[in-house]
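Novice: here are the coordinates; sequence isn't available:
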């Protein structure tokens, strides 16, 4: 073995949190392929968007970790030898059906397996302990053959060549400098609230993250923590308004959702170019303080009212525009509205958001910015760090909502034309 391998448990944590504190020497091969980036000075390894995309290709966390390890030359070589031996057995049996299925699963890795035929072996590999942690038994066991096929096949494109672009180098997240923190190449953890209100329901968001770093320590990911601030982050001289703003700034998910209602208010105040509404459908009115879904409605400048989708979908569009990747498996990303529900509750409790049961201007019951928090956004502290420095978020939210509405309206009109129907502008 010539490569120093990452620890399997550390890789699980990396996939879960997007960052680990670890010596970076075992991650050089993953970094060269753009799957992670290493902050040597701070001793942190951070997932990249490309790494998260690879993670989404495989069906389980164990296979995802195996996929990362399969990008390391020595491990991959041993696993290719095992697959080559299985494939040779199928050839000797003249099982054409199995051969075709295996080649289809391997895809680009088929040529690698062909090249490994001369070293084909079902002997226990040098990574038996690692394989036992991942699969429960050695990779040479028949039960693990389908897993190896998927792992090698779906990572084949990744290992074909090393990343030729400049390695990622990001500044540490600074809650008072949103322009630096919410930048391309950053990753963001899923929301996590580990001490919910007594009334709050349990859900997927209750899964705790790895042990948290202190508020004053460096971190290179946008954290999912939505708890109260640590003693180290609190300023005893803050009044109530400033303390609330400080909490919002320190909590990325609270910052993002606060910016959404701030954008909503500013956009509506123009009165000439449309507006953004966060509404509840009838099936959510029974639980308005922790809804499983919030509808996003955009009124365009021409007066067309477009029901675009959910708050979770808007958030993902904003992150995509900012080129920030969500640390989540595809199934988790699809349930983002569930993860956001307790964050909405926390924002309502802290009076950042406000629930309006009456709606307004013909809208359904929904959410707006709290009046007192709105005022705080324009006071010295909030104006500097939330309003002006946070303009990168404001712009991304508005642009994402406008583009989303335009896309939905264009699609609706195309469908209507194809069906020979008249197009009304209402809730496309």
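Specialist: Sure thing, it's come through. Only a predicted model underlies this, so the values are computations on that prediction, with no experimental measurement involved.
Novice: Helices along the stretch 1-150 of the chain, start to end?
Specialist: Secondary structure of the stretch 1-150 of the chain, counting by DSSP state H, counting those that start in this stretch: helices at 8-17, 28-32, 49-55, 61-69, 73-92, 96-106, 110-115, 128-135, 145-159.
Novice: what sits up against the fourth one?
Specialist: Counting by C-beta atoms under 8 Å, 6 or more residues apart in numbering, helix 61-69 makes contact with 5-6, 8, 11-12, 15, 30, 35, 51, 54-55, 57-58, 75, 130, 134-135, 147, 150-151, 154-155, 329, all of which sit outside it. For glycine as for every other residue, the C-beta is placed from the backbone atoms N, C-alpha and C.
Novice: what do you get for the fifth one?
Specialist: Where contact means C-beta under 8 Å, 6+ apart, the residues beyond helix 73-92 that reach it are 1-3, 5, 29, 69-70, 98-99, 102, 106, 109, 112-117, 119-122, 125-127, 130, 139-140, 142, 145, 148-149, 151-152, 159.
Novice: So residue 309, which state does it fall into?
Specialist: Put simply, residue 309 is strand when judged by DSSP: H, G, I helix; E, B strand; the rest coil.
Novice: helices and strands around the lowest-mean-pLDDT helix or strand in the chain, which ones?
Specialist: Scoring the helices and strands of the chain by mean pLDDT, DSSP states H and E places helix 28-32 at the bottom, with a mean of 86. On a contact count with 3 or more C-beta pairs under 8 Å, 6 or more residues apart in numbering; DSSP states H and E, helix 28-32 meets strand 36-39.
Novice: what pairs with the strand it packs on, and is each one parallel or antiparallel?
Specialist: strand 44-47 (antiparallel) (DSSP bridges).
Novice: thought residue 396 was touching residue 321?
Specialist: Yes. In this structure, residue 396 is within contact of residue 321 by C-beta atoms under 8 Å, at 4.8 Å.
Novice: Neighbour count: these two, which is higher?
Specialist: Just comparing residue 396 and residue 321: by other C-beta atoms under 10 Å the higher neighbour count belongs to residue 396, 21 against 15.
Novice: Nearest residue to the middle of the protein?
Specialist: Geometric centre of the chain, nearest residue: residue 326, 1.2 Å, by C-alpha atoms, centre = their mean.
Novice: so where's the stretch 51-200 of the chain shaky on pLDDT?
Specialist: Along the stretch 51-200 of the chain, segments meeting pLDDT under 70 span 161-167, 195-200.
Novice: on that earlier part again, what would the helices of the stretch 1-150 of the chain look like in CSV with distance to residue 273?
Specialist: Formatted as CSV, the helices of the stretch 1-150 of the chain follow (distance: least, C-beta to C-beta, whole Å):
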stretch, distance to residue 273
helix 8-17, 40
helix 28-32, 45
helix 49-55, 32
helix 61-69, 44
helix 73-92, 54
helix 96-106, 51
helix 110-115, 54
helix 128-135, 54
helix 145-159, 43
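Novice: Report pLDDT for residue 210.
Specialist: According to the prediction, residue 210 has pLDDT 43.
Novice: got it, and residue 364?
Specialist: 86.
Novice: ditto for the one 5 residues further on
Specialist: Confidence at residue 369, expressed as pLDDT, is 97.
Novice: Outline the domain layout of this protein.
Specialist: Domain ranges of the chain: 8-159, 178-206+217-410, per automatic domain parsing.
Novice: How far away from the center of its chain is the first one?
Specialist: Going by C-alpha atoms, centre = their mean, to the nearest Å, the spacing between the C-alpha centre of domain 8-159 and its chain's C-alpha centre is 23 Å.
Novice: Next: the last one.
Specialist: Domain 178-206+217-410 has its C-alpha centroid displaced from the chain centroid by 15 Å (C-alpha atoms, centre = their mean).
Novice: where exactly do the helices run in the stretch 151-300 of the chain?
Specialist: Using DSSP H, counting those that start in this stretch, the helices found in the stretch 151-300 of the chain span residues 178-181, 240-250, 252-270.
Novice: can you put those helices in a markdown table and add distance to residue 281 and mean neighbour count?
Specialist: Below are the helices of the stretch 151-300 of the chain laid out as a markdown table (distance: least, C-beta to C-beta, whole Å; neighbours: other C-beta atoms under 10 Å):
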| stretch | distance to residue 281 | mean neighbour count |
| --- | --- | --- |
| helix 178-181 | 32 | 20 |
| helix 240-250 | 27 | 20 |
| helix 252-270 | 18 | 21 |
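Novice: I'd like to know which of those helices is closest to residue 306.
Specialist: Of all these, helix 252-270 sits nearest to residue 306, with 14.1 Å by C-beta to C-beta.
Novice: by contact count, what packs against the closest one?
Specialist: Other helices and strands packing on helix 252-270, by 3+ C-beta pairs under 8 Å, 6+ apart, are helix 240-250, strand 275-279, helix 311-322, helix 336-349, strand 353-356, strand 366-369, helix 371-376, helix 391-419.
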